[in-house]
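Asker: Predicted model and sequence below, questions to follow.
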Amino acid sequence: MDFTITTPLYYVNDKPHLGSTYTTIACDAIARFHRLEGDNVIFITGVDEHGQKIERSAKKSNKSPQEYCDSITQSYLNLWDRWSITYDSFIRTTSTHHCSLVYEFYQRVSESGDIYLGKQQGWYCVGCEEYKDEGPNEISPSCPIHKTNLEWRNEENLFFRLSKYQKQIEEIVSRPGFIRPQSRRKEINNFVSQGLKDFSISRVNLEWGLPVPGYTGHTFYVWFDALLGYLSALNRNTLPVDLNQLKDKGWPTNVHVIGKDILRFHSVYWPAMLLSAGLDLPNSIFGHGFLTREGQKMGKTIGNILDPLELLNDYGADPIRWYLLKDIEFGVDGDFQQNRFKDLINNDLANTIGNLVNRTTTMSRKWFNNAVPTFTMNSEDTSQLCTDCLATIKCVREAMYDYDLKKSSTAILELAVKSNAFLSASEPWTRIKDIMNKELVAYELYSVLESIRIIGFLLLPLLPDLGMKILNQLGITSIPITWKNNLKWGLLAKGSLLPSPNPIFNKIL
RNA sequence: GUCAGUGUAGCUCAGCUGGUUAGAGCACAGCAUUCAUAACGCUGAGGUCGAGAGUUCAAGUCUCUCCACUGACACCA
């Protein structure tokens, strides 16, 4: 089965920030999960490189827009590389094949009769770069933010006939599971029910964009450019573009993961555009929350921005991934707190999971010739730990299919807690003193090792490095492409050698 | 302003259709302890459930009012 997932195409107006890193990490975890499930995953990310802000930023740094884009885009690529993001396709909206696709798409929408020339009128604030709500009868209104006079603009733009799709969009938006999390659905429903208005898809005062064929001076406006990047990413470099072939390349996506701020464009504009072009619709749109830091919005003016590259250098990928995926519910706003971060990481990764691996392998090596204990058992294992493991596997998989990363991580951690409790209850270190108990101790330690093995596998999508280290401690060094045959009880080879214990995770300070 | 959502222990949150002393994890305190990364385990302290009023035998859970924060209210990504 194909599984296609996208991050937004990030606006290269500025250096990558933690927000885009968060989205990308979440998508990476989901993508890794589906690969292990055996799906043919296409994980798309990329950059949106057109627009006035970029033009301006470029000017500020004395570069041409293209040079500017090149440098910021490179920093995205570097960042994803450093974070070991396993994307399959990276799309730039300045690439020539993207341009061809936009034309092809435009052609189709045009043929559907959904493009027309209209006027964009209104009071415009140059500072905000946007039209204000003031009515046409106002006399010299001013911008509440900039306190400057608004100018009346009467601009010729191409429009997309969104209003034509009112009925269909209403139906699509109310499909269960289309907009996630559910809590955001009402918002969009509300918006749609107010009546959809056509929106403009071209600009005349914007140089840095794709020129609209047949309309000199017009360039495509953001949503008729950036959104199409998802299609270009699948089309790769194939020319000429054939939109009909997208079906074989992974379209439609299973999910567009985006920040909640651009939910409307993805759940309303985008489906309408796709309908017009005769293409299938994405299965779902997932709008996640925003991150704050110590309760405050992150921003340049406050100077409290967390730089993803610095975080990575300071702590490594796994701790940050764990914090973002386990402590913050995917879809809800989250807060990054240094203290909480430290406590959570040390507790979960070092004390609970790390120590579990360490103590168990140490005991096994000590009493069973540096190897996984051997014992005989003639009936099927129905121990509590075995049951717990199977339940955890089920829970984790279901949660991941539902994009519930928090639930999934929590379930894995709970298995580690249960395994620790199991050791405390069975006290192998006491029992082993009586040689008669050796068989029982062997069985119990084996159970815990087995549980650790399952924890290691289940952790692979969320914390790829730590998951691998755990498996290494069990002497497992190669990971199969899918885990279907590994997520079962009793697969750890009895008597196989265990490497000498090495803390898999060191506490952070 | 209109609409929606949130407000429960220091922190992050559970609490479905109202029903005995309001829960979990972390942080904190004590006990115990080596198999282990002073880790694990056990116990404990911590809340007038945003405020006020009302319905009810009974409300964190329903109604109303108010307060605080967040989001949406169309072309900023």
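Answerer: Yes, it's here. Because the structure is a prediction, the values reported are computed rather than measured. Numbering: from 1, shown residues only, chains lettered A, B, ... in the order given.

Asker: Convert the C-alpha atoms of stretch A:497-507 to PDB, please.
Answerer: C-alpha atoms of stretch A:497-507 as PDB (Å, rounded to 0.1, in the frame of the first residue of the first chain):
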ATOM      1  CA  LEU A 497      25.400 -13.700  23.300                       C
ATOM      2  CA  LEU A 498      24.700 -10.400  24.900                       C
ATOM      3  CA  PRO A 499      27.200  -7.600  24.500                       C
ATOM      4  CA  SER A 500      28.600  -6.000  27.600                       C
ATOM      5  CA  PRO A 501      26.200  -3.400  28.900                       C
ATOM      6  CA  ASN A 502      26.700   0.100  27.900                       C
ATOM      7  CA  PRO A 503      24.400   2.900  29.000                       C
ATOM      8  CA  ILE A 504      22.100   3.600  26.000                       C
ATOM      9  CA  PHE A 505      21.200   7.000  27.300                       C
ATOM     10  CA  ASN A 506      23.100   9.400  29.500                       C
ATOM     11  CA  LYS A 507      21.300  11.800  31.600                       C
END
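
Asker: So what's the residue count around A:Ser183?
Answerer: When neighbours are defined as other Cβ atoms under 10 Å, A:Ser183 has 11 of them. Using the backbone N, CA and C atoms, a C-beta is placed for each residue, glycine as well.

Asker: same deal with A:Arg153?
Answerer: Using other Cβ under 10 Å, A:Arg153 has 14 neighbouring residues.

Asker: For it, which residues are in contact?
Answerer: By Cβ atoms under 8 Å, 6 or more residues apart in numbering, the residues touching A:Arg153 are A:Gln120, A:Gln121, A:Gly122, A:Trp123, A:Tyr124, A:Tyr131.

Asker: Show me which of those is closest to A:Ile169.
Answerer: Closest approach between the contacts of A:Arg153 and A:Ile169, by Cβ to Cβ: A:Gln120, at 21.9 Å.

Asker: In terms of helices and strands, where is the closest one?
Answerer: Per DSSP states H and E, A:Gln120 falls inside strand A:115-125.

Asker: Go through that strand and flag the buried ones.
Answerer: Neighbour-count burial for strand A:115-125 flags A:Ile115, A:Gln120, A:Gly122, A:Trp123, A:Tyr124, A:Cys125 (criterion: 16 or more other Cβ atoms under 10 Å).

Asker: could you say what helices and strands that strand packs with?
Answerer: The criterion is 3 or more Cβ pairs under 8 Å, 6 or more residues apart in numbering; DSSP states H and E, and the helices and strands that strand A:115-125 contacts are strand A:130-131, strand A:151-160.

Asker: from the ones you listed, which stretch is densest packed?
Answerer: Stretch with highest mean neighbour count among the helices and strands packed on strand A:115-125: strand A:151-160 (a mean of 16; mean count of other Cβ atoms under 10 Å).

Asker: got any ranges where chain A has weak pLDDT?
Answerer: For chain A, applying pLDDT under 70 flags the ranges A:125-148, A:150, A:378.

Asker: Which segments of it make up each domain?
Answerer: By the assignment in automatic domain parsing, chain A contains the domains A:2-114+A:161-288, A:339-473.

Asker: re the thing from before, RNA strand B: which of the helices and strands packed on strand A:115-125 is closest?
Answerer: strand A:130-131 (2.8 Å; Cβ to the nearest atom of the strand).

Asker: Which positions in the stretch 401-509 of chain A make contact with RNA strand B?
Answerer: Proximity of the stretch 401-509 of chain A to RNA strand B, by Cβ under 7 Å from any atom of the strand, involves residues A:Val417, A:Asn420, A:Ala421, A:Leu423, A:Ser424, A:Trp429, A:Pro501, A:Pro503, A:Ile504, A:Phe505, A:Asn506, A:Lys507.

Asker: so what's the residue of chain A at minimum distance from RNA strand B up against?
Answerer: For chain A, the residue closest to RNA strand B is A:Gly354, as judged by Cβ to the nearest atom of the strand, at 2.0 Å. A:Gly354 makes contacts with A:Pro503, A:Ile504, A:Phe505, as judged by Cβ under 8 Å, 6+ apart.

Asker: Next, the first one: phi, psi?
Answerer: Backbone geometry at A:Pro503, expressed as degrees, to the nearest 10, gives phi -50, psi 130.

Asker: you'd agree it is up against A:Asn358?
Answerer: Yes: between A:Pro503 and A:Asn358 there is a contact at 6.3 Å, judged by Cβ atoms under 8 Å.

Asker: Now for the residue nearest to A:Arg185 when sequence neighbours are not counted, how many residues are close by?
Answerer: Nearest non-adjacent residue to A:Arg185, counting by Cβ to Cβ, 6 or more residues apart in numbering: A:Ile179, 4.5 Å away. Per other Cβ under 10 Å, the neighbour tally for A:Ile179 reads 25.

Asker: More neighbours: A:Pro503 and A:Asn358, which one.
Answerer: Legend: neighbour count by other Cβ under 10 Å for A:Pro503 and A:Asn358, higher for A:Asn358 (17 against 13).

Asker: Quick check: closest non-adjacent residue to the more buried one.
Answerer: For A:Asn358, ignoring the flanking residues on the chain, the nearest one in space by Cβ to Cβ, 6+ apart is A:Pro501 at 5.2 Å.

Asker: shouldn't that neighbour be in contact with A:Thr362?
Answerer: Yes: A:Pro501 lies in contact with A:Thr362 (Cβ under 8 Å); the separation is 5.2 Å.

Asker: between these two, which one's more packed in?
Answerer: A:Pro501 (16 against 13).

Asker: Could I get the contacting residues of that one?
Answerer: Taking Cβ under 8 Å, 6+ apart, one finds A:Val357, A:Asn358, A:Thr361, A:Thr362, A:Arg365, A:Gln473 in contact with A:Pro501.

Asker: make it 6 Å
Answerer: Taking Cβ atoms under 6 Å, 6 or more residues apart in numbering, we find A:Pro501 in contact with A:Asn358, A:Thr361, A:Thr362.

Asker: closest to A:Asp465 among the residues you listed?
Answerer: A:Asn358 (16.8 Å).

Asker: Any chance of the backbone angles for the closest one?
Answerer: Dihedral pair for A:Asn358: phi -60, psi -50, per degrees, to the nearest 10.

Asker: Then A:Thr219?
Answerer: Dihedral pair for A:Thr219: phi -120, psi 150, per degrees, to the nearest 10.

Asker: What is the burial count for it?
Answerer: Other residues near A:Thr219 number 20, with proximity taken as other Cβ under 10 Å.

Asker: still on that earlier bit, confirm that the residue of chain A closest to RNA strand B sits in a helix.
Answerer: Yes: membership of A:Gly354 in a helix is supported by DSSP: H, G, I helix; E, B strand; the rest coil.

Asker: what's the neighbour count on A:Ser496?
Answerer: By other Cβ under 10 Å, 12 other residues sit near A:Ser496.

Asker: ditto for A:Lys418
Answerer: Residues near A:Lys418, counting by other Cβ under 10 Å, number 17.
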